[in-house]
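# give me the fold of what follows.
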Amino acid sequence: MPNTCVLCNAVLPQGITCESIFNEFLALEFNDPSYGRVHFLTVASYMVQHQGYSDEMYAWVQSALQKHLEEGCATELIRQDMAKGPGSTKGIRRPLDAQPLPKIYWTMTIADVVAQMYDAESYCKLIEQWGRTTLKEMGPLVLKKI
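You can find the predicted model right below:
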């Protein structure tokens, strides 16, 4: 009997969680460079959809996803920016006492990737699609500062 993730609405087989899939993806990416080339998108998409980032990080990640996916910015440049950006001055993770974020009904989740992937090429294409979907739908999570 399937279960549903309360954070991203992914429909998952019994006994499987989004986190367990994410950990499998990280193992693939760290052990095989042909999977690892999309690591930034994997982490960003998972963390955004699972409310893992601080408010400041949501704004930074939205910008980084736009730079990477729409402008072709290399992930190495994004990593360098991260090292001197919000990760160096503020917390990356969402504090436990932070205000709840708006609920988003994501049209693509980590469960969609795992259900359709069959090799490194399909994995990378699906992760990129997941990243694009996350970027397109994450607007309500980015708090606008006045």
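
# surely Gln116 and Leu126 touch.
Yes: applying Cβ atoms under 8 Å, one finds Gln116 in contact with Leu126, separated by 5.7 Å. (Each C-beta comes from the backbone N, C-alpha and C, glycine too.)

# the helices in this protein, which residues?
Assigned by DSSP state H, the helices in the chain fall at 18-31, 33-36, 39-49, 55-71, 75-84, 86-89, 110-116, 120-137.

# which of those has the lowest average pLDDT?
When those are compared by mean pLDDT, helix 86-89 comes last with a mean of 60.

# ok so, going back, more neighbours, Gln116 and Leu126?
Leu126 (20 against 12; other Cβ atoms under 10 Å).

# output stretch 97-108 as PDB, nothing but the C-alphas.
What follows is stretch 97-108, C-alpha atoms only, in PDB (Å, rounded to 0.1, in the frame of the first residue of the first chain):
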ATOM      1  CA  ASP A  97      11.100  27.100  15.200                       C
ATOM      2  CA  ALA A  98      10.800  28.900  11.800                       C
ATOM      3  CA  GLN A  99       7.400  29.900  10.500                       C
ATOM      4  CA  PRO A 100       5.700  27.200   8.400                       C
ATOM      5  CA  LEU A 101       6.100  27.600   4.700                       C
ATOM      6  CA  PRO A 102       3.200  27.600   2.200                       C
ATOM      7  CA  LYS A 103       2.100  24.200   1.000                       C
ATOM      8  CA  ILE A 104       3.000  23.500  -2.600                       C
ATOM      9  CA  TYR A 105       1.600  20.600  -4.600                       C
ATOM     10  CA  TRP A 106       4.700  19.800  -6.600                       C
ATOM     11  CA  THR A 107       4.000  18.400 -10.100                       C
ATOM     12  CA  MET A 108       7.300  16.500 -10.100                       C
END
